[in-house]
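K.L.:
structure, please.
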Amino acid sequence: MITIQIPFTEMDFTYVRSRGPGGQNVNRTNSAAVLRWNLWESQVLAPELKEKLAQKLHGKLTEEGDLIIRSDVHRDQDQNRSECIHRLHEILRRALFVPKKRIATKPTRGSQRKRLESKKIHAEIKSLRKKIGT
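P.N.:
Numbering: from 1, shown residues only. The predicted structure is shown next:
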């Protein structure tokens, strides 16, 4: 598993009015956080890693290569900013996840024996049907 630490300087935050709960305070404060992170301008990632991420995240990236994440879950601006950063790391972790290759194994002797036994029983039942039918 590849671990990536994105510096705070690469993240661009803007704050907008929240859609969530908060009563009249929602109409006065910019508590929702919008994170913009440009994949192509990142100094932390190697070029081949950028290509891999671009393929995996092609539906989430803008034409310029920006990944935009919005959070208005919390009433607090700092908590929404932390939520955006958490989501960014989660998106990158999922995009870079490589599933483990499955190694084919031989069936055990017991399972082979059970399979052959059930086949014999099934064949016997079918052969009895043929004898009754004629």
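K.L.:
centroid residue for this structure?
P.N.:
By C-alpha atoms, centre = their mean, the chain has its centre lying nearest to Arg94, at 3.9 Å.
K.L.:
so it: helix, strand or coil?
P.N.:
helix (DSSP: H, G, I helix; E, B strand; the rest coil).
K.L.:
same check, this time on Glu83
P.N.:
Per three-state DSSP, Glu83 ends up helix.
K.L.:
ok, it - how many residues close by?
P.N.:
Per other C-beta atoms under 10 Å, the neighbour tally for Glu83 reads 19. C-beta here means a position set from N, CA and C on the backbone, and glycine is covered the same way.
K.L.:
distance of the nearest residue to it once chain neighbours are set aside from Val34?
P.N.:
With sequence-adjacent residues excluded and distances taken as C-beta to C-beta, 6 or more residues apart in numbering, Glu83 is closest to Ser71, at 4.0 Å. According to C-beta to C-beta, to the nearest Å, Ser71 and Val34 sit 8 Å apart.
K.L.:
Ala104 now?
P.N.:
Distance, Ala104 to Val34, using C-beta to C-beta: 47 Å.
K.L.:
equivalent analysis for Phe8, please.
P.N.:
According to C-beta to C-beta, Phe8 stands 15 Å off from Val34.
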